[in-house]
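K.L.:
Sequence and predicted structure below; questions after.
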Amino acid sequence: MLRKGEKDTMAVHVIDEANRCLNCKNPMCQKGCPIHTAIPAVIKTFKEGNLHEAGQMLFHNNPMSLICSLVCNHEKQCEGNCVLGRKGQPVHISSIENYISDTMFERLNIECEPKNGKKVAVIGAGPAGITIAILLTKKGYDVTIFDSRDKIGGVLQYGIPEFRLPKTILERYKKKLLSLGIKIRPHTTIGGALEIKDMFRDGYQSIFIGTGVWRPKTLGVKGESLGHVHFAIDYLANPAAFELGNRVAIIGVGNSAMDVARTAIRHGSHDVTMYARGLKSDASEHEAAYAKLDGARFEFAKEIVEINDDGPVFRNVIFNEEGERVGEAEELEQVCADSVIVSISQGPKDKLVSTTEGLKASEKGLLVTNQFGETTHPGIFAAGDVVLGAKTVVAATAYSKVVAEAMDVYMQNKG
C-alpha cells in the first residue's frame, strides 16, 4: 500500500511523462498496441485534467486496461514503438495508463442496455472470460461465469506472481463484475458433474469457452516423475505448498520461467539457475533483467538429457558463428539441484471436448474456431489461450472483443 503522499508524488512523475508525449498525428504507439488503445488521445484528455473521461476511454477500449498496464510487454508494444525511443527514452505509457485506470476503476460509469431476457454462460474466469462477461452484460445479456477454481482471474490469479500483479486488483474486478449483475459460480468444472448440454438445456442462448491452458508440456525425458521435479504452472499456482530447497534448476527461459525463478528466490531458494538449449531468452528484456537483478543465473546451449535424483543432466549444444545449431557434445554434465522445475509452456485440458459431441480440437488440443471465435458446435464460442495457445493477456482481450460482437450477432439472429 502507498503511504500518504506517495501517490501524489507518483502523479507528478506521471504528469511529467504525459507532458513528454508528442501527440503524433501518426501514433506508432497506438499501432504497436495489440488492442490499439488511442494512447495520444487518452494522454491529451489526461493532461487537460479530465481524468474520468480518460479512464472511460481506456476501459471502453480494453476492459482489462488496469491489468494490462502492469503485465503487458510494453517494451515490444506501445513503448517500443514510441518515436522518442529512437534517440532516447520512450514515454512510459504503461505508468500513465496504470495511474488513470487504477485511480478511476471504482468510479467508472459502465452503462448497460436493458436486460433482453437472454442468458449467456462463460466457462473460465480468466482475461478472455472476464472481457466477454463485461461486454455482453453491457449489451443486456444475463451472464454467468463458471470457473473450476475458487477465485477469478485464471492465469492472472494462479500464474502471475503477486509482485508483478497484486491479487487485490482481481478482487476489485470481482466486485465490479458482481456490481454489474454478473453471477459467478466458483469450484464448478464444466465437463464433470455439469456438461455443456446441461447448459443449453437450462436456457443459455450461447456459451463462451475461455478455459486457458493448464496442462504442463513435458520434456519427454527420463526422470520427470521424480519427487523433486515440478511443473511451472503448478508451482506458480501455490508456491507456499512447495519445499524446493536452496538449489533450484529451471528448464526454460521464457517469461514463466522468470516468474518461477523470482518467486523461488523470494521463498528462500538462493541458488537458482535457468537453462535453455538455445542462445537467448524468450522472455521480455525487462523480466530477464529483473530476474538477474534478483539473483537468478542463466545457462545457454544446454540440452536436457534426463533428470535423476541428483538433478538434471545436460549435453552442451554446439552453435556456429551465425548462431545456427551444428551439433552437440558427447560428454554429459550432471547438475546438482534440490529441485527441478520444468517451464516450457502449457496446453489445454480436454474435458470439454471429450464430453461435448461436435466440439473439435486441433492436434495440439486447442479449440478449432473461425476468425470470429465460432467453434464447430453451434452456439459455442471460444477465445484466449484455449484457442491461441499460451499468449498474452492483451491478445486474449483483443480477440475476445471480436468474439463478443459475433456472439451478439448470433443471439440476435437466433432470437
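P.N.:
Received, thanks.
K.L.:
residues touching residue 130, list them.
P.N.:
63, 64, 145, 152, 153, 173, 177 (C-beta atoms under 8 Å, 6 or more residues apart in numbering). Every residue, glycine included, has its C-beta placed from N, CA and C.
K.L.:
Can you read off the pLDDT for it?
P.N.:
We note a pLDDT of 98 for residue 130 in this prediction.
K.L.:
same deal with the one 5 residues further on?
P.N.:
Taken from the predicted model, the pLDDT recorded for residue 135 is 98.
K.L.:
Would you check how far apart it and residue 198 are?
P.N.:
Going from residue 135 to residue 198 by C-beta to C-beta, to the nearest Å gives 25 Å.
K.L.:
Who has more neighbours out of those two?
P.N.:
residue 135 (19 against 12; other C-beta atoms under 10 Å).
K.L.:
Let me see the contact set for that one.
P.N.:
By C-beta under 8 Å, 6+ apart, residue 135 lies in contact with 63, 400, 401, 404.
K.L.:
just residue 356 next, same as before
P.N.:
Counting by C-beta under 8 Å, 6+ apart, the residues that residue 356 touches are 191, 195, 196, 197, 377, 380.
K.L.:
Go again with 7 Å.
P.N.:
For residue 356, the contacting residues are 195, 196, 377, by C-beta atoms under 7 Å, 6 or more residues apart in numbering.
K.L.:
and what of residue 384?
P.N.:
By C-beta under 7 Å, 6+ apart, residue 384 lies in contact with 126, 127, 128, 210, 212, 396, 399, 400.
K.L.:
What strand or helix carries the residue lying closest to it once chain neighbours are set aside?
P.N.:
With sequence-adjacent residues excluded and distances taken as C-beta to C-beta, 6 or more residues apart in numbering, residue 384 is closest to residue 128, at 3.1 Å. Per DSSP states H and E, residue 128 falls inside helix 127-138.
K.L.:
measure stretch 32-39 end to end?
P.N.:
10 Å (C-alpha to C-alpha, to the nearest Å).
K.L.:
That should have said stretch 203-221, apologies.
P.N.:
End to end - C-alpha to C-alpha - stretch 203-221 spans 47 Å.
K.L.:
buried stuff in it?
P.N.:
Under the neighbour-count criterion of 16 or more other C-beta atoms under 10 Å, stretch 203-221 has 204-214, 216-217, 219 buried.
K.L.:
In TSV, list the residues you listed along with distance to residue 348 and secondary structure.
P.N.:
Conversion of those to TSV gives the following (distance: C-beta to C-beta, whole Å; DSSP: H, G, I helix; E, B strand; the rest coil):
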residue	distance to residue 348	secondary structure
204	22	strand
205	25	strand
206	20	strand
207	16	strand
208	15	strand
209	10	strand
210	11	coil
211	7	coil
212	7	coil
213	5	coil
214	7	coil
216	11	strand
217	11	coil
219	19	coil
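K.L.:
Which pair of the residues you listed spans the longest distance?
P.N.:
By the measure C-beta to C-beta, 205 and 219 form the most distant pair in the buried residues of stretch 203-221, at 43.3 Å.
K.L.:
If you rank the contacts of residue 384 by neighbours, which is first?
P.N.:
Within these, residue 128 tops the neighbour count with 34 neighbours, counted by other C-beta under 10 Å.
K.L.:
Touching stretch 168-178 from outside, list them.
P.N.:
In contact with stretch 168-178 (C-beta under 7 Å, 6+ apart) are residues 66, 67, 105, 130, 133, 151, 152, 153, 156, 157, 184.
K.L.:
For those, pick the one with the most neighbours.
P.N.:
Counting neighbours by other C-beta under 10 Å, residue 130 leads the contacts of stretch 168-178 with 30 neighbours.
K.L.:
That residue and residue 208, how far apart?
P.N.:
11 Å.
K.L.:
what's the angle between the helix ranked longest in the chain and helix 127-138?
P.N.:
Longest helix in the chain, counting residues (DSSP state H): helix 393-414. Here helix 393-414 points in a direction 40 degrees away from that of helix 127-138 (axes from the mean of the first three to the mean of the last three C-alpha atoms, to 10 degrees).
K.L.:
could you say what helices and strands helix 393-414 packs with?
P.N.:
Packing partners of helix 393-414 (3 or more C-beta pairs under 7 Å, 6 or more residues apart in numbering; DSSP states H and E): helix 65-71, helix 127-138, strand 204-209, strand 380-382, helix 385-388.
K.L.:
Generate TSV for these, with distance to residue 410 as supplementary columns.
P.N.:
Shown next, in TSV, are the helices and strands packed on helix 393-414 (distance: least, C-beta to C-beta, whole Å):
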stretch	distance to residue 410
helix 65-71	27
helix 127-138	11
strand 204-209	6
strand 380-382	8
helix 385-388	17
